[in-house]
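Asks: Give me the fold of what follows.
(2 chains)
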Amino acid sequence: MRAPAPPFLVFASAHVHFFLKPLLACPPYLFSLFDQYLLLACARYPLRLPVVATCFCEPVALSAADFSARWTALATSPTDDPACPREQVIYESTNRQWGELGFLLALVQLASLSSFEGACYWAGFERSDYTFSLACFFSLLVLLSAARALEKSQVYRCFLYARLLPP
Amino acid sequence: MPACSLHNNHLSTTFPRPQVATFPARGGAAIDAAVMADVASRILVTGLKLGATPGENGAAASGGVNITGDGMKVPLQALGAATFRTGTVGANGQKASVGVLVKLEALNNTYRLSVRAMHGKISLAFKNVVKAQLA
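Replies: Next up, the predicted model:
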């Protein structure tokens, strides 16, 4: 096995040289630091890779039966099973006027109302030409009240979708 | 006080929860039980901090020596499970965690890596990390 060519990174005060060796080839993953002001000083530190992905992991001890059961449960994506719809319309307004400004105002109002109630955590959103979607941990009551508040302006037509979280 | 983070295109791409990759071992070397046990111990358990799930005989890696009735060799297998702790705080104030299951199979000089998680992004990331160590 041939180790990949080490990349060379240059910082303002020091030259840092990484030796990334395959995990199977050699256990010590050496991180060598050469200080340009103290040329004789050379320190090597063992570094276990990969760092970023593993520092958030916590081992879970499962029996073979538990592993098999969970493995089967995760066989499909939530949207793959047509027999078990994960999304359904829980509220639909009667207003049918949409506009580019309407999307933004609706988004802002929904976000502000829910944030004001302190019951909503926005994880993100996506937009298309005719819809916008919000993903959040939400209080249904807060979102319903926000949608009805928007309807009073007779501008927006609101759909609220309930998406079931995976078991 | 709830956090408010709006990321455009946050949900625009979805990844399937099951992720599978088949690739030859690095250098084309044959994979025997000793190599598989070493991979399970050092890469999956020590490196990736997966909890080792015991196989048929209680070892970290199992299979490879059984011959079924039709003459097919059972691939070597290593299983692992972990909880991926994220920094995202949910509505209940707790940080969200995502369960991850990893199944690594090897036959001759080829690995078959299967990763399943509660979220497709985690599956994809784990698959890429493990594959980068073995391929």
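
Asks: Please make it C-alpha for all contacts and neighbour counts, starting now.
Replies: Noted.

Asks: Name the nearest residue to the residue nearest the centre of chain B, sequence neighbours excluded.
Replies: The centre of chain B sits closest to B:Val102, judged by Cα atoms, centre = their mean, with a distance of 2.7 Å. Nearest residue to B:Val102, sequence neighbours excluded (Cα to Cα, 6 or more residues apart in numbering or on different chains): B:Val115, at 4.6 Å.

Asks: Report how many residues lie close to the one you found.
Replies: For B:Val115, the count of nearby residues is 28 (other Cα atoms under 10 Å in any protein chain shown).

Asks: Quick one: list the elements packing against the helix or strand containing it.
Replies: Assessed by DSSP states H and E, B:Val115 sits inside strand B:110-117. In this structure, strand B:110-117 packs against strand B:18-24, strand B:95-107, helix B:120-134, with contacts taken as 3 or more Cα pairs under 8 Å, 6 or more residues apart in numbering or on different chains; DSSP states H and E.

Asks: go again using 10 Å as the cut-off
Replies: helix A:64-73, strand B:18-24, strand B:76-89, strand B:95-107, helix B:120-134 (3 or more Cα pairs under 10 Å, 6 or more residues apart in numbering or on different chains; DSSP states H and E).

Asks: where in chain A is pLDDT low?
Replies: Where chain A drops to pLDDT under 70, the residues are A:1-55, A:76-167.

Asks: Could you rerun that using 80?
Replies: A:1-56, A:76-167 (pLDDT under 80).

Asks: ok, now chain B?
Replies: Across chain B (using pLDDT under 80), the flagged ranges come out as B:1-17, B:54-75, B:86-95.

Asks: if you set the cut-off to 70 instead, what comes out?
Replies: B:1-14, B:55-74.

Asks: wait, doesn't B:Lys49 sit right on B:Val100?
Replies: No - counting by Cα atoms under 10 Å, B:Lys49 stays clear of B:Val100, with 11.2 Å between them.

Asks: ok, these two, which is more surrounded?
Replies: When neighbours are counted by other Cα under 10 Å, B:Lys49 and B:Val100 differ, and B:Val100 comes out ahead with 26 against 23.

Asks: How about the contacts made by the more buried one?
Replies: Going by Cα atoms under 10 Å, 6 or more residues apart in numbering or on different chains, B:Val100 touches A:57, A:59-60, A:70-71, A:74, B:17, B:50, B:80-84, B:115-119, B:122-123, B:126.

Asks: which residues does the residue nearest to B:Val102 contact?
Replies: Per Cα under 10 Å, 6+ apart, neighbours of B:Val115: A:71, A:74, B:17-21, B:79-81, B:100-104, B:122-128, B:130.

Asks: ChimeraX command for the buried members of those?
Replies: To isolate the buried members of the contacts of B:Val115 in ChimeraX, using 16 or more other Cα atoms under 10 Å in any protein chain shown:
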select /A:71,74 /B:17,18,19,20,79,80,81,100,101,102,103,104,122,123,124,126,127,130
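
Asks: before we move on, back to that, need the residues touching each of B:Lys49 and B:Val100.
Replies: If you check B:Lys49 and B:Val100 against Cα under 10 Å, 6+ apart, the residues they both contact are A:57, A:59-60, B:80-83.

Asks: What is the nearest of those residues to B:Leu134?
Replies: Ranked by distance to B:Leu134 (Cα to Cα), the shared contacts of B:Lys49 and B:Val100 are led by B:Gly80 at 15.6 Å.

Asks: Share the number of residues neighbouring the residue nearest to that closest one when sequence neighbours are not counted, please.
Replies: Excluding the flanking residues, the one nearest B:Gly80 by Cα to Cα, 6+ apart is B:Ala52, at 4.6 Å. By other Cα under 10 Å, 26 other residues sit near B:Ala52.

Asks: Correct me if wrong: B:Ala52 contacts B:Leu104.
Replies: No - look at B:Ala52 against B:Leu104 with Cα under 10 Å: they stay out of range, at 11.5 Å.

Asks: can you list residues touching both of the two?
Replies: Here B:Ala52 and B:Leu104 have B:40, B:44, B:61, B:78-80 as joint contacts, going by Cα under 10 Å, 6+ apart.

Asks: now, which of these sits nearest A:Ala64?
Replies: B:Leu79 (8.7 Å).

Asks: residues touching the closest one, list them.
Replies: A:62, A:64, A:67, B:40, B:44-45, B:50-55, B:60-62, B:101-105, B:114-115.

Asks: now it, which residues is it bridged with?
Replies: Beta-bridge pairing of B:Leu79 under DSSP bridges involves B:Thr53, B:Lys103.

Asks: So it versus B:Gly87, what's the distance?
Replies: 26 Å (Cα to Cα, to the nearest Å).
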